[in-house]
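> Quick one, what's the 3D model for this:
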Amino acid sequence: MKIKILFFMFLISALILGACAPVEVEEPVVEEPVVEEPVVEEPVVEEPEVEEPEVEEPEVEEPVVEDPIADVVELRFMYYADGVEAEVMQPLLDAFMAQNEDIVVLLDVVPYSTVDEQLPVQVEAGQGPDLARITNFAAFRGLLLDLRALVSNPDYYQANFPAPVLNALGYGGFPDAYTVTGPFVNQTLFEQAGIDLPGDDATWEDWTDLTQAVAEATGTAYAIGIDRTGHRVAGPAMSMGATLIDANDDFTIDTEGFRAFVDLMKSWHDEGLMPEELWLTGDALNNCIDWFKTADMVMCMTGSWMIGGTAADVGDAFDWLVVPNPTGAGGSTGIAGGSAVVAFADTEHPEAVARLMEFLYAPENYAAFSAGTLALPAQVEVAQTGVDFDSDNPSVLAALSAFTAEVPKLQEQAVFLNVHPFAFAYYRNSASRIAQYLAGELTLDEMITNLQSDIDTAIAEAGD
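Here you go, the predicted model:
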């Protein structure tokens, strides 16, 4: 508008001067630069300066948006779940990513067999994930990332987890749950059968007779069962007097307690008290809890990690409870154990991994995981503070209390078994050898001899 007004004034001045030309031809006022200065110089210089900032503004913001995207790192987290662990873990990872926009965590949920069999091979070959949830600590000795130099408060990390577990992990992770093995019992079936539950001093033989009587009285398919793993067998065997780990920390299979319990298992199998496919089919059906949840089994020897899934699947279909581990020559003991979240040394993003680990074992997040999964906490601060478990189910709360009561009774070897550097040698071979005995392919003596040989060979090969 300023340009138009000045230009219009210039035209008027020219017309006026043109009309007066005959009188004042040489008047120098007509060609005074007063008119030309504002017309030519002022608008040409001022206009571009007004528009320049508007053109430049979007160019300033573009690099700010793209910089963080270029710096985002991706972490792969291999994860197995017995129950709802993955569903509880994912929101925690979402919260972590919201606080750490430069890190993306991919939760890869896989069967336990993948973690147990394939993960060690992948890690050895340098093709493993950044993190994983594991139970076989010894399989990854020397392959885990020492977190002590990476986390912001290494003293807190070391003070809040059991030293034997951290040592077994090479300070490359933390136990995400404390587990104890023990039996689940269908209380409703006992009531329907009119049979009282036995006291705390009941033996495995007592429970065998009682569950058989309940099954027969109620028309239940199976009386009793035990998960297809040497881990679950170990507790009852120790209770019956087995010494699986001797004073030299060596595995010793041929003891009276071990013989007695696997012989009792053979009677369950031969008499149809336990599903045949539970031990003879393989990993596809290796948990007795599957039959227990559908009320097709009176008693299932499993562990504390099954509380949440049992509560969710059974609902109010029947009343169930966890009973003390049956007693025997070795006392009453389950097996202590649990899983651990670990970081691998060959990760390309150690600082990002350490940030995630520190977030997960922070008390508020660890407690949230324990509450959601109904798991016994292995984190000291969380255990001392207490966990507000996500349940108002009386069976769940009673089960958690029952498993907690089992902890003081645990034998020393029952605590050491899971972190033994060669625990894998026992775990990996025991189920298949016991299955061969149950199927009649091996005698009891042959099974014990072959299992001991398998363990010794595996340990020797691991030492090469």
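> contacts, neighbours, all on C-alpha from now
Fine.
> in the stretch 151-300 of the chain, which spans are strands?
173-175, 179-186, 222-226, 297-303 (DSSP state E, counting those that start in this stretch).
> Contact partners for residue 333?
Neighbour list for residue 333: 235-236, 238-239, 325-327, 406, 409-411, 414 [criterion: CA atoms under 8 Å, 6 or more residues apart in numbering].
> Just the buried ones from those residues, in ChimeraX syntax?
Filtering the contacts of residue 333 down to the buried ones (16 or more other CA atoms under 10 Å) takes a single ChimeraX command:
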select :235,236,238,239,325,326,327,406,410,411,414
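> Specify which member of the contacts of residue 333 is nearest to residue 76.
Ranked by distance to residue 76 (CA to CA), the contacts of residue 333 are led by residue 414 at 32.9 Å.
> quick one: that closest one and residue 235 touch, right?
Yes: with contact defined as CA atoms under 8 Å, residue 414 reaches residue 235; the gap is 7.1 Å.
> Now do the shared contacts for those two.
Taking CA under 8 Å, 6+ apart as the criterion, residue 414 and residue 235 both touch 333-335.
> Let me know the closest of these to residue 188.
Once CA to CA is applied, the member of the shared contacts of residue 414 and residue 235 that ends up nearest residue 188 is residue 334, at 24.3 Å.
> so the closest one touches residue 414, yeah?
Yes: with contacts counted by CA under 8 Å, residue 334 reaches residue 414, the gap being 6.9 Å.
> list residues touching both of these two?
With CA under 8 Å, 6+ apart, residue 334 and residue 414 have common neighbours 234-235.
> Please name the nearest non-neighbouring residue to residue 111.
Spatial nearest neighbour of residue 111, excluding adjacent residues (CA to CA, 6 or more residues apart in numbering): residue 80 at 5.7 Å.
> what's the spacing between residue 360 and residue 75?
From residue 360 across to residue 75, the span is 14 Å (CA to CA, to the nearest Å).
> Residue 250: which of the contacts of residue 333 is nearest?
residue 414 (13.7 Å).
> Pull the contacting residues for that closest one.
Residue 414 neighbours (CA under 8 Å, 6+ apart): 234-235, 238, 333-336.
> ok, now residue 418?
135-136, 335-338.
> now do 6 Å
Contact analysis of residue 418 by CA atoms under 6 Å, 6 or more residues apart in numbering lists residue 337.
> can you check residue 177 too?
With the criterion set at CA under 6 Å, 6+ apart, residue 177 makes contact with 338, 375-378.
> picking up where we left off before, distance to residue 315 and pLDDT added to the contacts of residue 333, as TSV?
Converted to TSV, the contacts of residue 333 look like this (distance: CA to CA, whole Å; pLDDT from 0 to 100):
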residue	distance to residue 315	pLDDT
235	28	98
236	29	98
238	33	98
239	32	98
325	24	98
326	26	98
327	30	98
406	25	91
409	30	92
410	30	92
411	34	93
414	32	93
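> and the residue nearest to the spatial centre of the chain, what are its bridge partners?
The chain has residue 133 as the residue nearest its centroid, 5.0 Å off, counting by CA atoms, centre = their mean. When bridges are called by DSSP bridges, residue 133 pairs up with residue 341.
> can I assume it is in contact with residue 77?
No: in this structure residue 133 lies outside contact range of residue 77 using CA atoms under 6 Å: 7.9 Å.
> what pLDDT, on average, does stretch 424-437 get?
For stretch 424-437, mean pLDDT is 95.
> Show me what that stretch is in contact with.
With CA under 6 Å, 6+ apart as the criterion, stretch 424-437 contacts 229-230, 279, 442-443, 447, 455, 458.
> Could you identify which of those residues has the most neighbours?
Neighbour counts for these, by other CA atoms under 10 Å, peak at residue 279, which reaches 26 neighbours.
> mind listing what that residue touches?
228, 435.
> Which of the helices or strands spans residue 398?
According to DSSP states H and E, residue 398 maps onto helix 394-406.
> Could you point out the helix or strand that follows that helix?
With DSSP H and E, the next secondary element past helix 394-406 is helix 412-416.
> For that following helix, list the C-alpha coordinates in CSV.
The C-alpha trace of helix 412-416 is given here as CSV (Å, rounded to 0.1, in the frame of the first residue of the first chain):
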residue,chain,number,x,y,z
GLU,A,412,20.4,-76.2,51.5
GLN,A,413,20.8,-78.4,48.4
ALA,A,414,17.3,-77.4,47.4
VAL,A,415,18.4,-73.8,47.4
PHE,A,416,21.7,-74.5,45.6
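> In it, which residues are buried?
413-416.
> Ok, stretch 266-286 next?
In stretch 266-286, counting by 16+ other CA under 10 Å, buried: 266, 268-269, 273-275, 278-280, 285-286.
> Quick one: end-to-end length of that stretch, please.
End to end - CA to CA - stretch 266-286 spans 16 Å.
> just stretch 414-422 next, same as before
Terminal residues of stretch 414-422 lie 14 Å apart, using CA to CA.
> And the contacts of stretch 107-116?
When contacts are defined by CA under 6 Å, 6+ apart, stretch 107-116 is touched by residues 77-80.
> if we go to 10 Å?
Stretch 107-116 has contacts (CA atoms under 10 Å, 6 or more residues apart in numbering) with 75-82, 85-86, 89-90, 93, 118-122, 129, 131-136, 139, 283, 424, 428.
> Can you select the buried ones among those for me in PyMOL?
In PyMOL, a selection of the buried entries from the contacts of stretch 107-116 looks like this (16+ other CA under 10 Å):
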select buried, resi 75+76+77+78+79+80+85+86+89+93+119+120+129+131+132+133+134+135+136+139+424+428
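> Narrow the contacts of stretch 107-116 to those in strands?
Within the contacts of stretch 107-116, residues falling in strands by DSSP state E are 75-79, 131-134.
> out of the residues you listed, what pair is the most spread apart?
The widest separation within the ones in strands among the contacts of stretch 107-116 (CA to CA) is 16.7 Å, between 75 and 134.
> circling back to that earlier point, so what's in contact with residue 133 and residue 77 at the same time?
With CA under 10 Å, 6+ apart, residue 133 and residue 77 have common neighbours 109, 341-343.
> Present the residues you listed as TSV; the columns should include distance to residue 364, neighbour count and pLDDT.
Shown next, in TSV, are the shared contacts of residue 133 and residue 77 (distance: CA to CA, whole Å; neighbours: other CA atoms under 10 Å; pLDDT from 0 to 100):
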residue	distance to residue 364	neighbour count	pLDDT
109	24	17	98
341	17	22	98
342	19	31	98
343	21	28	98
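> How far does stretch 377-386 sit from its chain's centre?
Remark: stretch 377-386 is offset 17 Å from the chain centroid, using CA atoms, centre = their mean, to the nearest Å.
> Put the alpha carbons of that stretch into PDB.
Presented in PDB, the C-alpha positions along stretch 377-386 are these (Å, rounded to 0.1, in the frame of the first residue of the first chain):
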ATOM      1  CA  PRO A 377       9.600 -61.100  45.100                       C
ATOM      2  CA  ALA A 378      13.300 -61.800  45.200                       C
ATOM      3  CA  GLN A 379      14.100 -58.100  45.500                       C
ATOM      4  CA  VAL A 380      15.000 -57.300  49.100                       C
ATOM      5  CA  GLU A 381      13.400 -53.800  49.400                       C
ATOM      6  CA  VAL A 382      10.200 -55.000  47.700                       C
ATOM      7  CA  ALA A 383      10.000 -58.100  50.000                       C
ATOM      8  CA  GLN A 384      10.500 -56.000  53.100                       C
ATOM      9  CA  THR A 385       7.900 -53.400  52.000                       C
ATOM     10  CA  GLY A 386       5.400 -56.100  51.000                       C
END
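> Noted, bye for now.
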